[in-house]
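Visitor: Make a model of this:
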Amino acid sequence: MSLVAELQRRRVFRALFGYGIAVFAVLQIIEPIMHGLHWPDSALSYVVVALASGFPIVVALGWIFDVKAGRIERTPPASPAGGPQDLRGLRLALLLVCIGLLAAVPGLVYYFVLRGARPGAEERSRPAVAASESGAGPSIAVLPLVNLSSDKEQEYFSDGLTEELLNLLAKVPGLRVAARTSSFAFKGKNEDVGAIAQKLNVATILEGSVRKAGDRIRITAQLINVADGHHLWSETYDRKLIDVFEVQDEIAQAVVAALKLKLLQAPTSKDRRTANPEAYNQYLLGRQFYVRHNLDSYRRAAQAYEKALALDPGYAPAWAGLAAATLFRAYEAESAAAVREGKERAFAAAEKAVALGPDLAEGYVARGLVRALAQWDWDGARSDLERALALGPENADALVVYPHTLLRPFGRLPEAVATLRKAIELDPLNPRAWTALGFALLASGQLGPAREAFNWSLEISPEQSFSPYFLGETLLLDGQPVAALAASQRSTSERFRLAGAALAQHDLGHSGDSQQALDELIARFGHSTAYRIAEVYAWRGEKDRSFEWLQRACAQRDGGLLDVKVNPLLRKLRGDPRYTALLKQMNLPVD
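Guide: Residues are numbered from 1 along each chain as shown. Next up, the predicted model:
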């Protein structure tokens, strides 16, 4: 009897096939679980190797045992002599191990070789790419200044000074500056400056410390040339708190001189100044809360900005910050009237920011965001965001907001993806940029790259509201409802967890659980989350209810409606005259 025939008789191939299916199922759910438990990426590699090592074991067990009538029995040897059944001892064991290893090879090659070469993997590896052509010319990363104050609660002050200095250097023509979120990713990490420079694709690093005591501060700063590790410049400043802007100017000018940027002039922080040190202090505190991007942090950010403006009503950056924080808070308000009132206050604050700081990009970004999300004023939003990009062509915030509010809503997905890739090149560790890219890829039908973009966003910043939900949508569209449910429940927003559960439970066949989650979503958040409710109804094929809630979303000016033209969860609605009417109602192109 031939070896192949004996393997078939002993049902070894059937055992391998069954084990392969089990391995595939495990790999489909292990990654979202791994991210939910915050395991490192290397954990997935260990799981893959462990599963692969099971193939030789399965071959051996399949050779020895069989299942008959629900009982495990030892497989009898073949009757003809002289065949493979005569192989004994070490020779037989080695043969079975080799067969098992051969069965495992395709999966290992895919995971460790082909998987890393897929187009979507480019996004995950991008932050670690070495400096290359894009790093040519003067470039710098400003690492978070270390807080040496006795009061550790003053850390927001040192972080704020870092951000202000970064913004100041970003205005120097010809100097490429790593964005805030990327630089701050290395806060508190004892990592070699060479490795940091490689990840951020810069040639120089600015680092230092801040000590604040009463009305006095001591700032130390040093500029390091990564190529040779030499200090290009270093200085210590002992000043009164009121002189903090002058210190920023001096550091910026010294950096420009040390980098020998001929014909370039370091700007001053004049357009960002306030005469009140405590107003500046509250503004920095507001920024610290705002970048955390959750409901409580938006509330605390708005409170800090309001305190800053009570002390200095003419402080334009604080008005811009208040506008953005107030807008996002509005979507979490307790009543429809409070939602409308919050959006109105957000727009008023953005108007004030632009009026007081006509050369401040942040004001135009904030007003453009409000005009698009809350008013569907496409022309006004376009004017504001183009002005912001003219003032700061490499402003990562503007490069993220522009495709979200003006390219995606109009179905210009390739342009949106290209713009977001540029934002990520400038700010590779910005989780908001990765989330925006993920949704643009999702809307384009590129589920694999979209999933990887969302996962990378969550690795950078695990405590998010939007990325887990959109990751769940991606897995749902990919036919993985179990993984979709697990992903959506990682959201820090209850409304997104309920919407994700309603979607995934439907695909799992649990109609009662789906309806229960949807009923709770409607009862608690129907006044401000009509678009997500419409999504669930559309996905479940309940068109009439979906259009009913889309009209409510229109009345609410729900920000989610910006994606109504490209959202794949609404695909069952396309072709319905009511869908076309909705696009016209929003002044969006029909085709």
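Visitor: could you point out which element follows the helix-or-strand element of the chain with minimal mean pLDDT?
Guide: Least confident helix or strand of the chain, by mean pLDDT, DSSP states H and E, is helix 121-125 with a mean of 41. Next along the chain after helix 121-125, taking DSSP states H and E as the criterion, comes strand 139-142.
Visitor: And that following strand, what does it pack against?
Guide: Other elements packing on strand 139-142 under the criterion 3 or more CB pairs under 8 Å, 6 or more residues apart in numbering; DSSP states H and E are helix 155-170, strand 176-177, helix 180-184, helix 193-200, strand 204-213. C-beta: built from backbone N, CA, C; applies to glycine.
Visitor: pLDDT on it, on average?
Guide: Across strand 139-142, the average pLDDT comes to 88.
Visitor: So for that strand, what gets flagged as buried?
Guide: For strand 139-142, a neighbour-count test (16 or more other CB atoms under 10 Å) marks 139, 140, 141, 142 as buried.
Visitor: Excluding its own residues, what touches that strand? List them.
Guide: Outside strand 139-142, the residues within contact range by CB atoms under 8 Å, 6 or more residues apart in numbering are 162, 165-166, 169, 175-178, 182-183, 196-197, 200-207, 223, 255, 259.
Visitor: and that strand, which strands flank it?
Guide: strand 176-177 (parallel), strand 204-213 (parallel) (DSSP bridges).
Visitor: Just the pLDDT for residue 1.
Guide: With respect to pLDDT, residue 1 scores 51.
Visitor: wait, I meant residue 43
Guide: 67.
Visitor: now do residue 152
Guide: 69.
Visitor: Equivalent analysis for residue 358, please.
Guide: According to the prediction, residue 358 has pLDDT 92.
Visitor: for it, helix, strand, or coil?
Guide: Put simply, residue 358 is coil when judged by DSSP: H, G, I helix; E, B strand; the rest coil.
Visitor: what's around it, how many residues?
Guide: Residue 358 has 13 neighbouring residues, counting by other CB atoms under 10 Å.
Visitor: ok so, going back, whichever of the contacts of strand 139-142 end up buried, select them in ChimeraX.
Guide: With 16+ other CB under 10 Å as the criterion, this ChimeraX line picks the buried residues out of the contacts of strand 139-142:
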select :162,165,166,169,175,176,177,178,182,183,196,197,200,201,202,203,204,205,206,207,223,255,259
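Visitor: which residues of the stretch 401-550 of the chain fall in helices?
Guide: Using DSSP state H, counting those that start in this stretch, the helices of the stretch 401-550 of the chain run over 413-426, 431-443, 447-460, 466-477, 481-488, 494-507, 511-525, 530-539, 543-556.
Visitor: can you state the direction angle for the longest one and helix 543-556?
Guide: Relative orientation of helix 511-525 and helix 543-556, computed by axes from the mean of the first three to the mean of the last three CA atoms, to 10 degrees: 20 degrees.
Visitor: Let's have the helices of the stretch 401-550 of the chain in a markdown table, adding mean pLDDT.
Guide: Compiled in a markdown table, the helices of the stretch 401-550 of the chain are given as follows (pLDDT from 0 to 100):
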| stretch | mean pLDDT |
| --- | --- |
| helix 413-426 | 91 |
| helix 431-443 | 92 |
| helix 447-460 | 92 |
| helix 466-477 | 95 |
| helix 481-488 | 96 |
| helix 494-507 | 96 |
| helix 511-525 | 97 |
| helix 530-539 | 97 |
| helix 543-556 | 96 |
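Visitor: Out of the ones you listed, flag the one nearest residue 581.
Guide: Among the helices of the stretch 401-550 of the chain, helix 543-556 comes nearest to residue 581, with 9.3 Å by CB to CB.
Visitor: Tell me the helix or strand right after that closest one.
Guide: That would be, after helix 543-556 and using DSSP H and E, helix 577-585.
Visitor: What helices and strands are in contact with that next one?
Guide: Using 3+ CB pairs under 8 Å, 6+ apart as the test, helix 577-585 ends up in contact with helix 543-556.
Visitor: among the helices of the stretch 401-550 of the chain, which is nearest residue 53?
Guide: Closest to residue 53 of the helices of the stretch 401-550 of the chain is helix 481-488 (CB to CB; 24.0 Å).
Visitor: coming back round to it: closest one of the buried residues of strand 139-142 to residue 589?
Guide: Among these, and counting by CB to CB, the member closest to residue 589 is residue 139, at 39.5 Å.
Visitor: Distance of that closest one relative to residue 421?
Guide: 18 Å (CB to CB, to the nearest Å).
Visitor: Same question for residue 409.
Guide: Distance from residue 409 to residue 421, by CB to CB: 19 Å.
Visitor: Contacts only, for residue 186.
Guide: 143, 144, 196.
Visitor: quick one: the second one and residue 185 touch, right?
Guide: No: under the contact definition of CB atoms under 8 Å, residue 144 does not touch residue 185, with a separation of 9.6 Å.
Visitor: Contacts only, for the closest residue to residue 312 other than its chain neighbours.
Guide: Residue nearest to residue 312 in three dimensions, not counting chain neighbours: residue 279, with 4.0 Å by CB to CB, 6 or more residues apart in numbering. Contact analysis of residue 279 by CB under 8 Å, 6+ apart lists 307, 308, 309, 311, 312, 315, 318.
Visitor: Looking at the strands paired with strand 139-142, which is nearest to residue 495?
Guide: strand 176-177 (36.5 Å).
Visitor: So for the closest one, mean pLDDT?
Guide: 84.
Visitor: and the helix or strand containing residue 246, which residues are buried?
Guide: With secondary structure defined by DSSP H and E, residue 246 is part of helix 244-258. If you call a residue buried by 16+ other CB under 10 Å, then helix 244-258 has these buried ones: 244-245, 247-256, 258.
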